[in-house]
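Peer 1: just to be clear, the model below is a prediction. Sequence and coordinates:
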Amino acid sequence: MIKSEYPDAESIDDEELEEIMESVFPDSTSGPNENVIAGHRTADTDLFREEKTGRREERERVKFAQIRDDIDLIRRDIETLRNRLAVVVERAATVVQSRAEWADAAAHAQLGDYPWAKLAGAMIGALVGARFLRRLPVAALTTAAAPAVLAALQKSASN
């Protein structure tokens, strides 16, 4: 897997790669006859190492120190992420505010003083006009206007 992801690793043989992996990730190796997922600690792995080294107390102190360091690292990462999120939120607010200012300036340029009142008036006028047109008897008006329109068309065609 490593060789497929990193082409430079082609020159390293498998034994050398295993030694490198063991030195970089000491917790990823397991004891004999164990089926442990690489990178995950298990009680069996810890007991095997304890029997092998005979230094349980020292290992526990190191383990607690590592855990404390990991927690501190995670807390720093969380703080960094919070700071980045605060910057993103601030930038988003600035973008929204600048867009609103641009829209207001464009409305003033096109409609003059009180552009939003004029726009609201136009919208209300369109609503009232649409309701008025909807109530008109269109069929009766076209029936009444049709003879006048046809007479005008015949008159213009004969000239």
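Peer 2: Thanks, I have it. Residues are numbered from 1 along each chain as shown.

Peer 1: now residue 141, what's its secondary structure?
Peer 2: Assigned with DSSP: H, G, I helix; E, B strand; the rest coil, residue 141 falls in the helix class.

Peer 1: next, count neighbours for residue 118.
Peer 2: 14 (other CB atoms under 10 Å). The C-beta positions use only the backbone N, C-alpha and C, and glycine is treated the same way.

Peer 1: what of residue 119?
Peer 2: Neighbours of residue 119 under the rule other CB under 10 Å: 13.

Peer 1: so it, which of the three states?
Peer 2: Classified using three-state DSSP, residue 119 is helix.

Peer 1: so it makes contact with residue 106?
Peer 2: No. Contact criterion CB atoms under 8 Å: residue 119 and residue 106 do not qualify, at 11.7 Å.

Peer 1: could you list the low-pLDDT ranges of the protein?
Peer 2: 1-62 (pLDDT under 70).

Peer 1: can you point me to the longest helix in it?
Peer 2: helix 56-111 (DSSP state H).

Peer 1: what's that one packed up against?
Peer 2: The helices and strands touching helix 56-111, judged by 3 or more CB pairs under 8 Å, 6 or more residues apart in numbering; DSSP states H and E, are helix 43-53, helix 115-135.

Peer 1: now the angle from that helix to helix 115-135?
Peer 2: 70 degrees (axes from the mean of the first three to the mean of the last three CA atoms, to 10 degrees).

Peer 1: number the chain from 54, please
Peer 2: Sounds good: first residue 54 from here, last item helix 109-164.

Peer 1: what's the burial count for residue 164?
Peer 2: 14.

Peer 1: ok, and the closest non-adjacent residue to it?
Peer 2: Distance criterion CB to CB, 6 or more residues apart in numbering; nearest residue to residue 164, sequence neighbours excluded, is residue 171 at 4.9 Å.
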